[in-house]
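> Sharing a sequence plus its predicted fold:
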Amino acid sequence: MGTNLPYAELVFDLPVGQVFTYQKDDEGLAVPGKRVMAPFGGRDLTGYVVAERDTLPPLLPAGKLKKIRRVVDKEAIYGKDEIELALWVSGYYLCGQGEALAAMIPSGRRIIANALPDDDENFSETSPELSEEQKKALEAILKPERPPDGSLGETSFFYLYGITGSGKTEVFLKAAEAVLAEGKSVIYLVPEISLTHQTALAIERRFGAVSSTLHSGMSSGARLAEWMRIRRGEVRIVVGPRSAVFAPVLNPGLIIIDEEHDSSYKSGSTPRYHARQVAMRRAAVSGAKIIMGSATPSVEAWKLMEEGKIKKLSLTKRLSGGSLPEIIPVSLEHNQGCLTPLLKEEIRRTASMGRQTILFLNRRGFAYFYHCPSCGYELSCRQCSVSLTYYKSRNRALCHYCGYSTTPPEACPQCGSVEAGFTGFGTEMIEEEVQRTFPDLRILRADGDTSGRGKTLKDILEKFKNKEIDILLGTQMVAKGLNFPGVRLVGVVQADTGLHLPDFRAAERTFALLVQVAGRAGRYFPDGKVIVQTLRPKDPTITRACAMDVEGFFSEEIRQREVLGFPPHSRLIRLAFRSKEQARAERESERMAAILEKLVPKDGDILGPAECPIGVISGNHRRHIIIRGKTMGPLHGAVRTAVERFAPERDSKVYMELDVDPVSLL
């Protein structure tokens, strides 16, 4: 239904902070919350109506006013709350309000999602009896929400910190039941699309038709249909990855963030929002509670727990009767091949018991580093500053960043030495060695290469669950979400592949991955074993992960971050510049740094401009500037002003990315 106000204010999916005034369509149907087609810069674009007005803005003559071509939506798809949330996202993440609104309902680009059987916490259609620890956690969560003055008290944010298999999910679901019984709504976030399907099915069985799923793997039509059901109040519990944090639920009462530490909660494209931060904003506005959960919290969340800003609720016991496995670090120095004698012995022993083994390595392909010992030549991608990965099955050397591939050289291209070749091992090489060492055992590989060639991850894991496989070999996709009673042994083939990365979070990511993958062993029996092979057996990250010393790791990591001035002791904003021409990227980054020098607050500093750790991707030269300070407000102001001053002379052949609270500096 239209209104009598003659003008509409629009925002577009563009990197501009401006609102544009248009004359409404003849029927006056362009009301706030609807999408419209409107002329913009010589073309028609989709705009989002965010407000109406009855007078023209100052300095805008009526003769210059453009008219909306047509209204796309019959009913508003955004309400006042979503429009205000988009305004907050645009302010915090330094993007356009239209870009934020567009991110709420992604375009529906197809993502092929392999559904993982997320049996990690044993979903149940009925409500099982809770343990004493679970009961205490649930009671703490369900206490009265806020202090009498209405301020956001410490009881609004909770963290279920517990070992894998300790029953975190059942506490999530019980809390959701209680919130739904109060007539409120629930958003349940999971880190990946691949984990959404099974979680959604379990929740649908538990809660019935009031549940729904939102993720970018859905077609745009299906996503919009679910979005409208949620807006109308037909759905009261929504499951999905990070974009589901925007779900327009009525009267939100609870937001659950499962595996809170996972980096996939941070968007890799504009707006570069973090679902945890958006969830906290929604909770602050609506009075909803937040429950996060993980066996390995993020460093930021751990510090907030220490400060009492998030209430820590610990779960220490495995409910299925298993116990934490014995974890044994083993040095790879002087070892021939991928598997140490101890790991081979334990694989054989596990098979003789009729039990199963998971072998984990977070590196695909056969080998990943081509080196000539004679002249030092290294084979890199011609479009990216990274090494090529060798795939023996295809006899190709492939770049995982841009897809470039080439036939591996038979001799060093620089000096002709035949001693040159690939070193380091990936999952393909391990598969070959395991098959050669254990010809009588049934082996399957699950990584990004195998699951895309007719064998879905679901099929592979179904076979493993049915004990048709003795050894499951894979990358990160086998590190979490798996809960198979037959698994006695987990072998981490090389634990330190991520430790050498030039990123201050490298140790945190490595530690979390090791603890998560170790949690796959011995979940139902007390004899679980984890063999951690490493080239750095004395590295504190490795030794603490093997000792399951979570508190010791976080204590030392937070201390080191304080010395280095990195989060959670500081806040960061990263500006990355990329261009096909190196000189242009350098010139623009230096011009921006000069502007920032005059604006950054006294307690802040500027790192760079410098070449990004991965200096070239897909032929684009990359440089970045990192602005660091104690609090975000002054940094925001400095960067916002700098971008305004930088824009008039901006080189159109240089692309600039803004990332507030970056999770990766590569």
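All right, it came through fine.

> what sits opposite residue 660 in the beta ladder?
For residue 660, the residues forming beta bridges with it (DSSP bridges) are residue 573.

> now it: how far from residue 572?
8 Å (C-beta to C-beta, to the nearest Å). All C-beta atoms are positioned from the backbone trio N, CA, C, and that covers glycine.

> How many residues are close by residue 204?
Look at residue 204: counted by other C-beta atoms under 10 Å, it has 17 neighbours.

> Who are the contact partners of it?
residue 211 (C-beta atoms under 8 Å, 6 or more residues apart in numbering).

> quick one: it is in a helix?
Yes - secondary structure of residue 204 (DSSP: H, G, I helix; E, B strand; the rest coil): part of a helix.

> Check the closest residue in space to residue 387 that isn't next to it in sequence and give its pLDDT.
Leaving aside its chain neighbours, residue 387 sits nearest to residue 369 (5.2 Å; criterion: C-beta to C-beta, 6 or more residues apart in numbering). pLDDT recorded at residue 369 is 70.

> likewise residue 112?
Residue-level pLDDT assigned to residue 112 equals 32.

> Can we start the residue count at 49 from this point?
Shifting the count to begin at 49 puts that one at residue 160.

> Show me where the stretch 149-298 of the chain has its strands.
205-210, 233-237, 259-261, 285-288 (DSSP state E, counting those that start in this stretch).

> same deal with the stretch 599-714 of the chain?
For the stretch 599-714 of the chain, the strands defined by DSSP E, counting those that start in this stretch cover 619-627, 653-665, 668-677, 703-708.

> Please save the CA atoms from the first one in PDB.
Right, the one you point to is strand 619-627. Provided in PDB are the C-alpha atoms of strand 619-627 (Å, rounded to 0.1, in the frame of the first residue of the first chain):
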ATOM      1  CA  ARG A 619      42.000  -2.800  17.900                       C
ATOM      2  CA  LEU A 620      43.000  -3.000  14.200                       C
ATOM      3  CA  ILE A 621      41.700  -1.600  10.900                       C
ATOM      4  CA  ARG A 622      43.400  -2.900   7.800                       C
ATOM      5  CA  LEU A 623      43.400  -1.100   4.400                       C
ATOM      6  CA  ALA A 624      44.600  -3.300   1.500                       C
ATOM      7  CA  PHE A 625      45.400  -2.000  -1.900                       C
ATOM      8  CA  ARG A 626      45.600  -4.100  -5.100                       C
ATOM      9  CA  SER A 627      46.400  -3.400  -8.700                       C
END
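
> who does the closest residue in space to residue 394 that isn't next to it in sequence bridge with?
Leaving aside its sequence neighbours, residue 394 sits nearest to residue 537 (C-beta to C-beta, 6+ apart; 5.3 Å). Counting by DSSP bridges, residue 537 is bridged to residue 405, residue 577.

> Tell me how many other residues crowd residue 537.
26.

> Just the pLDDT for it.
So residue 537 comes in at 92 (pLDDT).

> re earlier: any idea which of the strands of the stretch 149-298 of the chain scores lowest on pLDDT?
Lowest mean pLDDT of these: strand 259-261, a mean of 82.

> hang on, the earlier thing: adding distance to residue 72 and mean neighbour count, write the strands of the stretch 149-298 of the chain out as TSV.
Shown next, in TSV, are the strands of the stretch 149-298 of the chain (distance: least, C-beta to C-beta, whole Å; neighbours: other C-beta atoms under 10 Å):
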stretch	distance to residue 72	mean neighbour count
strand 205-210	43	24
strand 233-237	33	27
strand 259-261	33	23
strand 285-288	33	28
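
> quick one: residue 644 and residue 623, what's the gap?
Counting by C-beta to C-beta - residue 644 and residue 623 are separated by 8 Å.

> Pull up the overlap in contacts between those two.
With C-beta under 8 Å, 6+ apart as the test, residue 644 and residue 623 both reach 673, 675, 687.

> Scan those residues and report the most crowded one.
residue 675 leads the shared contacts of residue 644 and residue 623 on contacts (other C-beta under 10 Å) with 26 neighbours.

> how far away is the closest residue to it other than its chain neighbours from residue 685?
In this structure, residue 675 finds its nearest non-sequential neighbour in residue 621, 4.7 Å apart by C-beta to C-beta, 6+ apart. From residue 621 over to residue 685 the distance is 11 Å, taken as C-beta to C-beta.

> likewise residue 484?
Taking C-beta to C-beta, one finds residue 484 at 62 Å from residue 685.

> And these two? Which one has more around it.
residue 685 (13 against 9).

> With adjacent residues omitted, what lies nearest to the more buried one?
Once flanking residues are discounted, residue 685 sits nearest to residue 647: 7.8 Å by C-beta to C-beta, 6+ apart.

> same check, this time on residue 134
residue 148 (3.9 Å).

> doesn't residue 132 make contact with the one you found?
No - in this structure, residue 148 is not within contact of residue 132 by C-beta atoms under 8 Å, at 10.7 Å.

> Please identify which of the two sits among more neighbours.
Higher neighbour count among residue 148 and residue 132: residue 148, with 28 against 14, using other C-beta under 10 Å.

> Could you report the neighbour count for residue 77?
19.

> any idea whether it is helix, strand or coil?
Taking three-state DSSP, the label given to residue 77 is coil.

> what's the distance between it and residue 87?
Noted for residue 77: a distance of 17 Å to residue 87, by C-beta to C-beta.

> what do you get for residue 569?
In terms of C-beta to C-beta, residue 569 sits 62 Å off from residue 87.

> cool, residue 706 as well?
28 Å.

> which ones are touching the closest residue to residue 534 other than its chain neighbours?
Distances taken as C-beta to C-beta, 6+ apart place residue 404 nearest to residue 534, at 4.2 Å, with adjacent residues excluded. Going by C-beta under 8 Å, 6+ apart, residue 404 touches 398, 512, 515, 517-520, 532, 534-537.

> One more pass at 7 Å, please.
398, 512, 515, 518, 532, 534-536 (C-beta atoms under 7 Å, 6 or more residues apart in numbering).

> least confident pick among these?
Scoring those by pLDDT puts residue 532 last, at 77.

> I'd like to know how many residues surround that one.
18.

> Are we agreed that it is in a helix?
No - Residue 532 sits outside any helix when classified using three-state DSSP, being coil.

> Just confirm it contacts residue 514, I think it does.
No - here residue 532 does not reach residue 514: they are 9.8 Å apart, not a contact under C-beta atoms under 7 Å.

> picking that back up, quick one: the residue nearest to residue 534 from residue 562, how far?
Applying C-beta to C-beta to residue 404 and residue 562 gives a distance of 20 Å.

> again, but for residue 107
Residue 107 is 60 Å from residue 562, where distance means C-beta to C-beta.

> before we move on, what about residue 446?
Counting by C-beta to C-beta - residue 446 and residue 562 are separated by 27 Å.

> of those two, who's got more company?
residue 562 (28 against 19).

> Would you agree that one falls within a helix?
Yes - the assignment for residue 562 (three-state DSSP) places it in a helix.

> hmm, back to that, overlap in contacts of residue 148 and residue 132?
Joint contacts of residue 148 and residue 132 (C-beta under 7 Å, 6+ apart) do not exist.

> that older thread, make JSON lines from the shared contacts of residue 644 and residue 623 and add distance to residue 235 and pLDDT to it.
Shown next, in JSON lines, are those (distance: C-beta to C-beta, whole Å; pLDDT from 0 to 100):
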{"residue": "673", "distance to residue 235": "35", "pLDDT": "96"}
{"residue": "675", "distance to residue 235": "32", "pLDDT": "96"}
{"residue": "687", "distance to residue 235": "30", "pLDDT": "96"}
